[in-house]
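Q: The following comprises the amino acid sequence and a computationally predicted model.
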Amino acid sequence: MTEAGSPMATLAEILKKARRAVMRQGISDQDADELVHEAYLKVDQYQRLHAVQSHEALLVRAAVNLSIDRQRRSRHMPLADGAEIHQIVDAAPDPARIVEARARLRQVAAGLERLPERTRRILLKRRLENMSYAEIAASEDMSVAAVEKLVARATLQLMNWMAQS
């Protein structure tokens, strides 16, 4: 097993690290899971448009920031009386969507664990560490074309596995 923070940290290890960081902020178990999930979705969306050097650091920081925001809101938001409560719009996803998203996250983590170690390492370097194909090729002593094919095959394999699960 690798240590969280190492280049080969699994998604499950990274999520556990973010959860522990949130819980150190005084957040309950259930709320910690929800905040880490929300942070994961935000980071995933962010990294599609921006280069991210450390997905792990960004995820932990985003989760902690969300926990701080939640604590601030709960301190400053007065309790609504019965008449106003129906006017509050809940922008959060409904519980069924949260459960579904968590299940998909577990499926992805399980799918990653099923990949061969080198394939998983290369895929995580590309997707989580945002390394270029050339950087990965140099670090793995492979050609750029071989890395591109490996990442494409691994992504396709995960997508097919997710579709069957």
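A: Received the coordinates, thanks. Residues are numbered from 1 along each chain as shown.
Q: Dump stretch 101-114 to CSV, restricted to CA.
A: The C-alpha coordinates for stretch 101-114 follow below in CSV (Å, rounded to 0.1, in the frame of the first residue of the first chain):
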residue,chain,number,x,y,z
ALA,A,101,-22.8,9.9,-7.2
ARG,A,102,-21.1,8.3,-4.2
ALA,A,103,-21.8,4.9,-5.6
ARG,A,104,-20.3,5.9,-8.9
LEU,A,105,-17.2,7.3,-7.1
ARG,A,106,-16.8,3.9,-5.3
GLN,A,107,-17.2,2.1,-8.7
VAL,A,108,-14.4,4.3,-10.2
ALA,A,109,-12.2,3.6,-7.3
ALA,A,110,-12.8,-0.2,-7.6
GLY,A,111,-12.3,0.0,-11.3
LEU,A,112,-8.9,1.8,-10.8
GLU,A,113,-7.9,-1.0,-8.4
ARG,A,114,-8.6,-3.6,-11.1
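Q: And that stretch, how far out from the chain middle?
A: Centroid separation between stretch 101-114 and its chain, computed with Cα atoms, centre = their mean, to the nearest Å, is 11 Å.
Q: Pick out the residue closest to the middle of the chain.
A: Among the residues of the chain, the smallest C-alpha distance to the mean C-alpha position (Cα atoms, centre = their mean) belongs to residue 40, namely 3.5 Å.
Q: Just the residues contacting the helix or strand hosting it, thanks.
A: With elements delineated by DSSP states H and E, residue 40 resides in helix 29-47, which encompasses its position. Outside of helix 29-47, the residues that reach it under the criterion Cβ atoms under 8 Å, 6 or more residues apart in numbering are 15, 18-19, 22-23, 27, 52, 55, 58-59, 62-63, 66-67, 70, 98, 101-102, 105, 130. In short, each C-beta sits where N, CA and C put it, glycine included.
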